[in-house]
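Q: build me a model:
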Amino acid sequence: MTPKYQQRCIVTGGAGFIGSHITERLLAANHAVTVIDNCSTGRVENIAHLQNDENLTFFNTDIRDRAAITSYFAGVDWVFHLAALGDIVPSINMPDAYFSSNVDGTYNVLEASRNAGARRLIYAASSSSYGIPDIYPTPETAEMRPQYPYALTKWLAEELVMHWGLVYGLPVVALRLFNTYGPRSRTSGAYGAVFGVFLAQLIAEEPFTVVGDGTQTRDFTFVTDVAKAFISAADSEVTNICMNVGSGGTYSINRLVELLDNPAGVVHIPKRPGEPDCTFADVSQIKEKLNWSPTVPFEDGVQVMLDNIDYWREAPVWNAKSIADATREWFKYLDKHDEASS
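A: Predicted structure coming up:
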């Protein structure tokens, strides 16, 4: 008798931005997928088009509730751990919530995976943990220099993941993601990633709020390429390793402004301390280990975002004043941090 599915998978944060794309791709490959998401930043709408797939199960549960999630892991093969608080700026104001979700939550997922005998666990680590690196493109051997609580909690969780691999033999891979963008990126009320901010401003016919002079560059990596990296890591024998996931390039905010072509123009807001002028991944290791390469050119990815712009119609529209209010604590603490480091 032909099995109904190939692998039994769990995607924590599977109703979120990247998680929903991983869920979609796993189901298309005839895997069974259990999504665990408390929808604090994810949206059920992100997986609504998959709801009739008999291989999909959804639990609206918080990974911080270990007793609640443990039973979901019975018989699991692959675990994709993406559930986390992901907006950077609010982490300054809410370090306790970020630690609880990103570190304690990861511990719960690791223990549930270990006790269930999971065959693979792939963790969504963050390139923000590199802080302001000395080397570009940045290799995995670069020193970790987290500048704010979000980056720190993602790194602490990565350390937990690798430790569980070392001590308990759980087969783990940590993928350090660089500036992922694409359809379904977060539309939460928090001030966050540049794409969501710009697209909501474009819809509202408001000017783009460009940080600094816009010459800073980011390794914008399209979400479908990132989803492929996760599944390639799960469907491999590579274990106990951290690998960068990037686009192979780095692109200025001014180039993004040019591609989005906002008739309302731009306004410039102060550069934020603690943020690098460049993010640029060295992806040679993941290319070698997994035979993975990014395939979506930046210009094509931006066009996909414009084609899906209605997704951001209900997103908050930020302006210079509201951003200044949202980042006041950021400047209060990280300006001091920069002075102490200089």
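Q: can you tell me how far Leu199 sits from Gly192?
A: Using CB to CB, to the nearest Å, Leu199 is found at 12 Å from Gly192. C-beta here means a position set from N, CA and C on the backbone, and glycine is covered the same way.
Q: what's the answer for Val173, then?
A: 26 Å.
Q: go on, Gly16?
A: Using CB to CB, we find Gly16 at a distance of 13 Å from Gly192.
Q: do Tyr123 as well
A: Taking CB to CB, one finds Tyr123 at 21 Å from Gly192.
Q: when those two are compared, which one has more neighbours?
A: Looking at Tyr123 and Gly192 with other CB atoms under 10 Å, you find the greater number of neighbours at Tyr123, namely 29 against 22.
Q: so who does that one touch?
A: Taking CB atoms under 8 Å, 6 or more residues apart in numbering as the criterion, Tyr123 is in contact with His81, Thr106, Ala157, Glu158, Val161, Val172, Val173, Ala174, Leu175.
Q: out of these, which is nearest to Ala324?
A: Ala157 (30.8 Å; CB to CB).
Q: I'd like to know how many residues surround that closest one.
A: Here the number of neighbours of Ala157 (other CB under 10 Å) works out to 28.
Q: start at 3, not 1
A: OK, 3 is where the count begins now, so the last one is Ala159.
Q: hmm, it is touching Val105, no?
A: Yes: counting by CB atoms under 8 Å, Ala159 does reach Val105; the two are 5.3 Å apart.
Q: list residues touching both of Gly18 and Gly194?
A: Where contact means CB under 8 Å, 6+ apart, the residues bridging Gly18 and Gly194 through contact with each are Gly88, Arg188.
Q: my guess is Val228 contacts Asn181. True?
A: No: with contact defined as CB under 8 Å, Val228 does not count as touching Asn181 (10.1 Å).
Q: can you list the domains in this structure?
A: When the chain is parsed into structural domains using automatic domain parsing, the resulting residue ranges are 10-183+222-247, 196-220+251-277+301-343.
Q: out of the ones you listed, which gets nearest to Trp294?
A: Closest approach to Trp294 among these (CB to CB): domain 10-183+222-247, 4.9 Å.
Q: first-to-last residue distance for the closest one?
A: Looking at domain 10-183+222-247, the gap from its leading to its trailing residue is 24 Å under the measure CA to CA, to the nearest Å.
Q: can you check stretch 134-148 too?
A: 8 Å.
Q: buried ones in it?
A: With burial defined by 16 or more other CB atoms under 10 Å, the residues of stretch 134-148 counted as buried are Pro135, Tyr138, Pro139, Thr140, Glu142, Ala144, Arg147, Pro148.
Q: tell me the gap between stretch 244-257 and the middle of its chain.
A: Centroid displacement of stretch 244-257 relative to its chain, using CA atoms, centre = their mean, to the nearest Å, is 14 Å.
Q: that one: which residues count as buried?
A: Along stretch 244-257, these residues count as buried under the neighbour rule (16+ other CB under 10 Å): Cys244, Met245, Asn246, Val247, Gly248, Ser249, Gly250, Gly251, Thr252, Tyr253, Ile255, Arg257.
Q: let me know the closest of these to Glu113.
A: Glu113 has its nearest neighbour among the buried residues of stretch 244-257 in Cys244, at 20.6 Å by CB to CB.
Q: of all the buried residues of stretch 134-148, which two lie farthest apart?
A: Largest separation among the buried residues of stretch 134-148 by CB to CB: Pro139 and Pro148, giving 19.4 Å.
Q: contacts only, for the residue nearest to Asn310 when sequence neighbours are not counted.
A: Once its chain neighbours are removed from consideration, Asn310 has its nearest residue in Pro185; the separation is 4.5 Å (CB to CB, 6 or more residues apart in numbering). By CB under 8 Å, 6+ apart, the residues touching Pro185 are Val225, Val306, Met307, Asn310, Tyr313.
Q: tell me which other helices or strands the helix or strand encompassing the third one touches.
A: In this structure, Met307 sits in helix 300-309 according to DSSP states H and E. Using 3 or more CB pairs under 8 Å, 6 or more residues apart in numbering; DSSP states H and E as the contact test, the elements touching helix 300-309 are strand 223-224, helix 255-262.
Q: which strands or helices does the last one pack on?
A: To tie it back to what came earlier, the one meant is helix 255-262. Helices and strands in packing contact with helix 255-262 are listed as helix 196-205, strand 210-213, helix 300-309; criterion 3+ CB pairs under 8 Å, 6+ apart.
Q: what pairs with the shortest one, and is each one parallel or antiparallel?
A: Taking DSSP bridges as the criterion, strand 210-213 forms sheet pairs with strand 268-271 (parallel).
Q: CA atoms of the partner strand as CSV?
A: Output of strand 268-271 as CSV, limited to C-alpha atoms (Å, rounded to 0.1, in the frame of the first residue of the first chain):
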residue,chain,number,x,y,z
VAL,A,268,11.5,59.9,-0.2
VAL,A,269,12.2,61.5,3.2
HIS,A,270,15.4,60.7,5.1
ILE,A,271,15.4,59.7,8.7
